[in-house]
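A.B. asks: Quick one: sequence plus predicted model below, questions after.
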Amino acid sequence: MLQGHQTWVFLNRPVILSSAVVGGPFEAEGPLAEDFDLLHGDLWVGQDSYEKAEKKMLEEACEMAIHKAGLQKQDIQFFLGGDLLNQIISSCFTARTLAVPFLGLYGACSTSMEGLALASLIVDSRAGRYVLCGTSSHNSAAEKQYRYPTEYGSQKPPTAQWTVTAAGAALLGPEGDGPKVTSATIGRVVDMGVNDPFNMGGAMAPAAVDTIMAHFRDMQISPGYYDLIATGDLGKVGYKIAGDLLKKHGLEIPEKVFVDCGLLIYGEDQPAVMAGGSGCGCSASVVYGHILNRLKRGELKKVMIVATGALLSPLSYQQKESIPCIAHAVSIESE
Amino acid sequence: MSDKKMKKLTPVQQEYQEFAKAREPKRPVLFNCLKAFLVGGGICLLGQAVQDFFIWNFDFTEKTAGDPTVAVMIMISVILTVAGVYDHIAQWAGAGTAVPVTGFANSVASSAIEHRTEGFVLGVGAKMFKLAGSVIVYGVFAAFIIGLIKTGITMLGGF
């Protein structure tokens, strides 16, 4: 049901029946390693290319999520997936393996919440009983496509971010045990003219702020409603900017409540990530792993996830276009 | 290209960029320059040592020792690239590892490794020079222009 300008309220409260996250070797060294269902010690995941490795991880995440819910592939009505690679190959090829009716999505790193919001809408409107949504990213595959070869010696500035090697999937159903998706706010594309692809956080922060403001306006609630508000992958730079920008707009969110998935996934002892994690797999793995686990343990009751995406392509950057950004918010609550 | 006027930032965008700039960590330019100077100089020093090695131990002159020296430097760079070390050194050293011939070798080797998965023809062969290609194109072009100038001056009786 539409509420306000751009928010869906899910009156039937779709349930996240199960979720699964798969990570790579660098994520295994991070502070959230315990929250992954499967961690690979090999960046190639036993495949012969990084693209195939990413697909393999997404397949594993999807299959584990279905298995954990005690269902079979044929019970799933729809699979919604997206990733960062050209023509969203990881998701399409995973859909080929799953052989489930598939809708491909692209929202860069916001795809995780775009998928969750749409899956919730399908389940809420009874257009599907069990809907799976998933997304993935692979550090080396993303670097190859967006930046330079992995072994190329170029110096990254302190605002650069590290693409997370991970895949996450969540399975939604109309009833059952588990956290419930209560509302979702679909973001607008915001472009503040930032054109430095090594400063994604700075480019994406205004989009996150726009969506957060819209959510509170549409829902007519205050930030105190949530125990946790997590942005997708703003990193150190974007997180700071977003926090200050919210204050400037009169929305004060306590520091304990406002977190960023890109900062949670890696520790202080991993300086190679520079400003923090990014990529589709970043918000997917942190939310479907760490945050859902905390909801299930009762440490959190009401959370809002704002996944942010930078909608640039290597071509648009070379043609001197600025970076349009988007953010989608989803609230998840446990009774 | 889209309209140049459209590229102009709106006041809101300008305001945001100033707002954001104040919250971004700055590149440590001076420190980066120092590191680049030291590492770049170190690489050149190593090159000089290799050259002297060839002159002292083999029958090379200062002029002919250049070729084997460059070959050795390229080999060291490629070995470090293959071992996955070069990019880590470069993150610290910046331009220090990018400018000498070792940086050029790294850009070729890293591209070749990266695109091995697309096969030898469309991958390695086609993508090997995707970073180094522009260096070769503009290097050769610049050399051509300089050659023309030098020839012109010589014909006019200079040098």
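C.D. replies: Looks like it came in fine. Numbers count the residues shown, from 1 in each chain, chains lettered A, B, ... in the order given.

A.B. asks: quick one: the helix or strand harbouring residue B:109 to chain centroid distance?
C.D. replies: If you go by DSSP states H and E, residue B:109 is part of helix B:101-114. How far helix B:101-114 lies from its chain's middle: 9 Å, per CA atoms, centre = their mean, to the nearest Å.

A.B. asks: Which strands or helices does that helix pack on?
C.D. replies: Applying 3 or more CB pairs under 8 Å, 6 or more residues apart in numbering or on different chains; DSSP states H and E, we find helix B:101-114 packed against helix B:66-82, helix B:86-93, helix B:126-127. Every residue, glycine included, has its C-beta placed from N, CA and C.

A.B. asks: and chain A, which of these is closest to it?
C.D. replies: Between chain A and these, the tightest spacing by CB to the nearest CB is seen for helix B:86-93, at 2.6 Å.

A.B. asks: got the contact list for that closest one?
C.D. replies: With contact meaning CB atoms under 8 Å, 6 or more residues apart in numbering or on different chains, helix B:86-93 is reached by A:150-156, A:272, B:35-36, B:39-40, B:77, B:80-81, B:97-98, B:103, B:106, B:110.

A.B. asks: buried residues in that helix?
C.D. replies: Within helix B:86-93, the residues scored as buried using 16 or more other CB atoms under 10 Å in any protein chain shown are B:86-87, B:89-91, B:93.

A.B. asks: Just list the residues touching the closest residue to residue A:155 other than its chain neighbours, thanks.
C.D. replies: Once flanking residues are discounted, residue A:155 sits nearest to residue B:94: 4.1 Å by CB to CB, 6 or more residues apart in numbering or on different chains. Residue B:94 makes contacts with A:155, B:32, B:35-36, as judged by CB under 8 Å, 6+ apart.

A.B. asks: make it 10 Å
C.D. replies: Taking CB atoms under 10 Å, 6 or more residues apart in numbering or on different chains, we find residue B:94 in contact with A:153-156, B:27-29, B:31-33, B:35-36, B:39-40.

A.B. asks: Closest to residue A:73 out of those?
C.D. replies: Using CB to CB, residue A:156 comes nearest to residue A:73 of the contacts of residue B:94, at 40.8 Å.

A.B. asks: Quick check: which element contains the closest one?
C.D. replies: Judged by DSSP H and E, residue A:156 forms part of no helix or strand.

A.B. asks: which ones are touching it?
C.D. replies: By CB under 10 Å, 6+ apart, the neighbours of residue A:156 are A:147-148, A:162, A:198, A:272, A:274-275, B:87, B:90-91, B:94.

A.B. asks: Let's see that with 8 Å instead.
C.D. replies: Here residue A:156 is in contact with A:198, A:274, B:91 (criterion: CB under 8 Å, 6+ apart).

A.B. asks: Same check on residue A:4?
C.D. replies: Here residue A:4 is in contact with A:214, A:217-220 (CB under 8 Å, 6+ apart).

A.B. asks: for residue A:22, helix, strand, or coil?
C.D. replies: strand (DSSP: H, G, I helix; E, B strand; the rest coil).

A.B. asks: what sits against residue 26?
C.D. replies: I went with chain A, as the question did not name one. Neighbours of residue A:26 in contact, by CB under 8 Å, 6+ apart: A:139, A:162, A:165, A:266, A:270.

A.B. asks: nope, chain B
C.D. replies: residue A:158 are the contacts of residue B:26 under CB under 8 Å, 6+ apart.

A.B. asks: again, but for residue A:115
C.D. replies: With CB under 8 Å, 6+ apart, residue A:115 has these contacts: A:80-82, A:105, A:133-135.

A.B. asks: re earlier: quick one: which of the contacts of residue B:94 is most hemmed in?
C.D. replies: Most neighbours among those, by other CB atoms under 10 Å in any protein chain shown: residue A:153, with 27 neighbours.

A.B. asks: Look through chain B and tell me its longest helix.
C.D. replies: Using DSSP state H to define each element, chain B has its longest helix at helix B:29-57.

A.B. asks: burial measure for the residue lying closest to residue A:99 once chain neighbours are set aside, as a count.
C.D. replies: Nearest non-adjacent residue to residue A:99, counting by CB to CB, 6+ apart: residue A:73, 6.6 Å away. If you count neighbours by other CB under 10 Å, residue A:73 ends up with 15.

A.B. asks: One more: the one 3 residues further on?
C.D. replies: If you count neighbours by other CB under 10 Å, residue A:76 ends up with 23.

A.B. asks: Which of the three states applies to the spatially most central residue of chain A?
C.D. replies: Closest to where the C-alpha atoms of chain A average out (CA atoms, centre = their mean) is residue A:283, at 3.2 Å. Under the three-state scheme (three-state DSSP), residue A:283 adopts helix.

A.B. asks: so what's the nearest residue to it once chain neighbours are set aside up against?
C.D. replies: Of all residues not flanking residue A:283 in the chain, residue A:232 sits nearest, at 3.8 Å (CB to CB, 6+ apart). By CB under 8 Å, 6+ apart, the residues touching residue A:232 are A:109-110, A:112-113, A:204, A:208, A:260-262, A:282-283, A:305-309, A:327.

A.B. asks: now, which of those residues lie within helices?
C.D. replies: A:112-113, A:204, A:208, A:261-262, A:282-283.

A.B. asks: Now do the contacts for the residue of the stretch 51-200 of chain A found nearest chain B.
C.D. replies: Using CB to the nearest CB, the closest approach of the stretch 51-200 of chain A to chain B is made by residue A:153 at 2.6 Å. Applying CB under 8 Å, 6+ apart to residue A:153 gives the contacts B:81, B:86-87, B:89-91, B:93, B:97-98, B:103, B:106-107, B:110.
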